[in-house]
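**Student:** Dropping the sequence and predicted coords here.
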Amino acid sequence: QSKVYLGQNNISQLSLEQLRDAPTLKTVLQNIEFPPTTIRTVRFLLCRFTATQRLLPWPPAVEQATFLYGSGSVLQGGLSMVTWFSSLTRLEIRGGHLSGNVNALWKMKNLEHIALSNNYLVGTMDGIQNLWKLSYLDLAGNLGLDETLPGISGSMDPLKNLTRLCRIALTMNSVDGSLSGLKGLTALKSLELSTNKFTGDLAPVRHLKSLRYLSVKNNMLTGSIAPLIQLNRTLQRLHICNNRFTNSCAWTRKVLTESKVVIFKASGNRFSDYSECNDTKESYNTATCTRAYEQYHGNDSSVLFCGT
């Protein structure tokens, strides 16, 4: 069963027969004036089109929109489609073939929620400190399908004063440097930094008292993870595979048993003294079935994780 929501409109000559016929309906909708001239202000704009650039320039009725959602659309355009909205607080366009430099967004001071994963964006964090209301940042997967684009690059230092941030997702980009810019972000619950170019250790995230999920796989991080587990009493899921951590296996195992961590994945590191552990290297780095909590869009949901 499908649903068609047309809202307030001035559509004429649209019959039930056309609603039942998808090709006809598509033709009819493409010929509709958007938005209808009777609408003065649009606050929530849902774009599910295959070529949204045909709507540009945006008519005055939508300029004051606060929520722009276009995930799943093939937008085939640049960020100029987004920066038009001066009042935007929530921006969500995942997997939309969106291109351009993210630095253009850092002038939109009302933004609180940015979800632009799996696009073709480039740029750095320089200027993001202007978004002091920002609580959600997802720019994961902007390397492009063939990983030839640089994606998001530079350091994370400009994030250091954005204390409202609850989630940062930058997986599969080219961000580098240390994690020092994160140490004051005490509201963070989920930090996803896998497949980047980070160096240094995890010391800056030891005191993030709200952190529940940390994923730093496929970087160049070093040092010991045991202090992080000891000092952070909220951490439940820890993924550190394919780095350069040098830990004592026996000590890490002891610390883990005294923590709240229930999912731990650490293969591809430089752990020592496996002979002192009951587990082999392979089994030690394999999570067993257990009850855990997963951070998802700012909400907690109880889930069951099994195996690796």
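**Tutor:** Done, it's in.
**Student:** Confirm for me that Gly100 is in contact with Gly78.
**Tutor:** Yes: the criterion here is Cβ atoms under 8 Å, and Gly100 meets it with Gly78 at 4.1 Å. For every residue, glycine as well, the C-beta is placed using N, CA and C.
**Student:** More neighbours: the two, which one.
**Tutor:** Gly100 (20 against 16; other Cβ atoms under 10 Å).
**Student:** Just say helix, strand or coil for that one.
**Tutor:** Following DSSP: H, G, I helix; E, B strand; the rest coil, the label given to Gly100 is strand.
**Student:** Please report how far it lies from Lys133.
**Tutor:** Going from Gly100 to Lys133 by Cβ to Cβ, to the nearest Å gives 22 Å.
**Student:** Quick one: the helices in the chain, in order.
**Tutor:** 16-20, 22-30, 80-83, 226-231, 249-257, 281-284 (DSSP state H).
**Student:** Considering these, which stretch scores lowest in mean pLDDT?
**Tutor:** Of all the helices of the chain, mean pLDDT reaches its minimum on helix 281-284 (a mean of 40).
**Student:** if we look at the sheet, which residues does Ser174 bridge to?
**Tutor:** Beta-bridge partners for Ser174, by DSSP bridges, are Ser153.
**Student:** how many other residues sit next to it?
**Tutor:** 19.
**Student:** and if you look at Asn247?
**Tutor:** Neighbours of Asn247 (other Cβ under 10 Å): 21.
**Student:** Confirm for me that it is in contact with Phe264.
**Tutor:** No: using Cβ under 8 Å, Asn247 makes no contact with Phe264, being 11.4 Å away.
**Student:** okay, Asn31: pLDDT?
**Tutor:** 48.
**Student:** could you measure Gly200 against Glu112, distance?
**Tutor:** In terms of Cβ to Cβ, Gly200 sits 29 Å off from Glu112.
**Student:** Met125 versus Ile152, what's the distance?
**Tutor:** Ile152 is 7 Å from Met125, by Cβ to Cβ.
**Student:** Nothing else from me, thank you.
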